[in-house]
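Asks: Sequence below, structure please.
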Amino acid sequence: MRRTSPPAPHSSAHDGLPAELNPFVGRREELAELGRLLENARLVTVTGVGGVGKTRFALRAASDAQERYCDGARLAELSALTDPGLLEHAVVEALGLTDHTSKPPRTVLLEYLSGRRLLLVLDGFEHLVDAVAGLVRELLRRAPGLTVLATGRLPLCVDGEQTFPLPPMPAPDAVRLFTDRAAAGQPGFRLTDANRGAVHELCRRLDGIPLALELAAGRLTALSVEQVLDRLDDRFRLLTGSTRGALPRHQTLRTAIGWSHELCTPEQRLLWARLSVFAGQFDLEAAEYVCGGPELPDSSVLDVLTDLISQSVVIRESVSTLSGVRYRMLDTVREYGADWLSAMGDAERVRRRHRDWYLGLATWCELDWFSPRQAEVAARVDSELPNLRRAMEYSLDHAEDVHLGQYLAGTLWFYWVGCGRLSEGRHWLDHALEAEGEHEAHRLKALWVLGYVAVLQGDAIGALAALEECREGADLSANALAAAYAVHRSGCLALVTDDMPRAEELLREALARYEEIGELNSNVLMGQIELAMAVAFRGDLAQAVAICEEVSEVCEDHGERWALAYALYVRAYAERTNGRPDRARELLVECLAIDHAFNDLLGAVLALELLALVTLDAGDPAEAAVLQGAAERIWPSVGLPLFGSAYYNAPHTLCEEKARERLGDGRYETFRCEGAALALDAAVARAIEGPPRPVPAPPLPRVAAPAARNSAPHTREPAASRSVRNEETTG
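Replies: Numbers count the residues shown, from 1 in each chain. The predicted structure follows:
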């Protein structure tokens, strides 16, 4: 029996909510009230002035409530987005979904959420309020198990919305928060009879606004509590007349941030302003390049950045082994810095330096993708994606820089294709190619990358249009490199549409062109692998293996892993066809592990499909059906199952026919549904490690037999009620 709802897009192992980096203080009554609202409403919006702690409060409430949602809680951070067109992509990313198809991301969201019970936290939406309101309205209407917890400075004004205005912290909580943060930055600090009055007065003057309290606590490395209070009093008196029209709490926060800004040295103020151009996180090297200059040498940026961290202006994020130490600014603090940068008349120059840095980063990452650092490159681009988006936006918003936007969108091909980002890549490529740029080579690169993405999404018409335009433009401009890529991707299109003679012809032509111009990278290796697949489908397994063994040697020489996985797949196909299923399984396990590490769904699902047939060959039709079910769940996120290709579909068809023959339709469907219920991580683990081993039941205690009373002899549990797997695996 078939499922009545479509399989969900693959959800990767996003563990829902971020870990807290320091203790959450107070707010017990507010948390209890918000918890009650979440029990009775499907949309709750936490509103309040910037800096009042909406994000932290909502995340703690979501953490407390997530056990009520069988699919957990997820956070979508929206404050770094500036383009409403990327809203749905951001939510898709927050849910950990990977979708390779050309379906609109809203459709992906609706299909995924329609059958789930999940709490979605949308943080920092006010600058995108209309787009967010429209999305939330449709999601709630179409996904009855969804609850949304939003944070912003104003309500969404959607039917059914419950608003929770978050007040400043009450005095006891404010004092606890200030004391905790002060002790974290100044070991040994504690509340004493000598400073108690000043601490209470400071917290009162700051209206219990958490951000203001943390900024003030950050000053205790250089000042006493009394000195902080005195300087703050001076600042309040200075601003009393000039900000009379502002709401008191807005005035208090603005005063606290402005006061903290005044206490900074000129170099610290300058860095604060320039750091405001970053979207989300950044690293030291980016800060040194973007923010360094005559008034602030790049050699001084680290010292000044360290000072801003100690003052709670900049936050140091946890360290990742792949992406290194990262930093960020809270939205309110970044906005204050952006205002100063504009007032200084330096915003355009710094934004351009920001764009140039990420242009260089993308170029370096493309080159380094063909190296042992592929995993590091993938992690780096993943963490820098908000800044890369901002760099593309900047370029495409300036007519004279459109060609650089096209270059960026094309240069990130390895990320769109190799790391599960086809949908967003298609968005940027389409957008970049809407305008005419001044640099034809950059446009041609964007065109062949668009063709490549469209092929993998199953959009043959879109792929053909882009590749033909690229080929024509390359011929007119004598661009041999773009022409080679256009021919290559046309061959790839022929491969997945079952025109094997044409695929072989075009792929051989492309490889000859690459050799003539000296091109060697992951794309070239993929061209060889695709040629090997074409000749394997035409029956020449020996040639296919020879090609892939050559590719494997090049991969080993250069540390390339992503293309290697596809070479392993073709070799496994040949080994299985030649009657060596054990060797085929070894190759496929390695292939699948690599694909999963790069979040390459296409490679992973192809490996699962072939593993199912190899598992059947090994005598386990039940587990083969499980793997087919697992692959079935993934295909809707990739595109047309097995490209709609008779060649690619042949192993699947053979496996299903033989498994049904040995199991019967009913049992086959039972095991297939078991596999379809597995998330990708679980499916990959099962494919690599095998099915879980049954835990032996403890022995039954021996008891005396009752006296005979016209009863049948005592028997064990009927064999039919025990696991059917042993029967199935013996065929």
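
Asks: what residues does the helix or strand where residue 148 lies touch?
Replies: Here residue 148, judged by DSSP states H and E, is contained in strand 146-152. Contacts with strand 146-152, where a contact means CB atoms under 8 Å, 6 or more residues apart in numbering, come from 38, 41-47, 54-55, 58, 61-62, 69, 113, 116-126, 129, 132, 136, 139-140, 156. Every residue, glycine included, has its C-beta placed from N, CA and C.

Asks: now the strands: where do they sit in the stretch 551-700 of the chain?
Replies: Taking DSSP state E, counting those that start in this stretch as the test, none of the stretch 551-700 of the chain falls into strands.

Asks: Sketch out the helices for it, chain order is fine.
Replies: 562-577, 581-597, 601-617, 621-638, 646-663, 665-676, 680-689 (DSSP state H, counting those that start in this stretch).

Asks: Redo these as CSV? Include mean pLDDT, mean neighbour count and distance to residue 175.
Replies: Output for these, formatted as CSV (pLDDT from 0 to 100; neighbours: other CB atoms under 10 Å; distance: least, CB to CB, whole Å):
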stretch, mean pLDDT, mean neighbour count, distance to residue 175
helix 562-577, 95, 25, 54
helix 581-597, 94, 21, 48
helix 601-617, 93, 26, 51
helix 621-638, 90, 26, 50
helix 646-663, 92, 17, 65
helix 665-676, 93, 18, 54
helix 680-689, 91, 18, 44
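
Asks: Format those as a markdown table; extra columns: distance to residue 506.
Replies: Converted to a markdown table, the helices of the stretch 551-700 of the chain look like this (distance: least, CB to CB, whole Å):
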| stretch | distance to residue 506 |
| --- | --- |
| helix 562-577 | 18 |
| helix 581-597 | 25 |
| helix 601-617 | 20 |
| helix 621-638 | 23 |
| helix 646-663 | 16 |
| helix 665-676 | 36 |
| helix 680-689 | 33 |
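
Asks: Of those, which is nearest residue 191?
Replies: Of all the helices of the stretch 551-700 of the chain, it is helix 680-689 that lies closest to residue 191, at 46.6 Å by CB to CB.

Asks: Distance from that closest one to the middle of the chain?
Replies: 20 Å (CA atoms, centre = their mean, to the nearest Å).

Asks: ok, now stretch 368-379?
Replies: 17 Å.

Asks: Which neighbours in the sheet does the strand holding residue 148 have, and how are they oriented?
Replies: strand 43-47 (parallel), strand 118-123 (parallel) (DSSP bridges).

Asks: Helix or strand: which one has the most centrally placed residue in the chain?
Replies: Most central in the chain under CA atoms, centre = their mean is residue 93, positioned 4.4 Å from the mean C-alpha point. Element membership of residue 93, judged by DSSP H and E, is helix 87-94.

Asks: Distance check, the closest residue to residue 79 other than its chain neighbours against residue 54.
Replies: The shortest distance from residue 79 to any non-neighbouring residue, by CB to CB, 6 or more residues apart in numbering, is to residue 124 (3.3 Å). Noted for residue 124: a distance of 8 Å to residue 54, by CB to CB, to the nearest Å.

Asks: Residue 216 too?
Replies: The value you get for residue 216 to residue 54, if CB to CB is used, is 20 Å.
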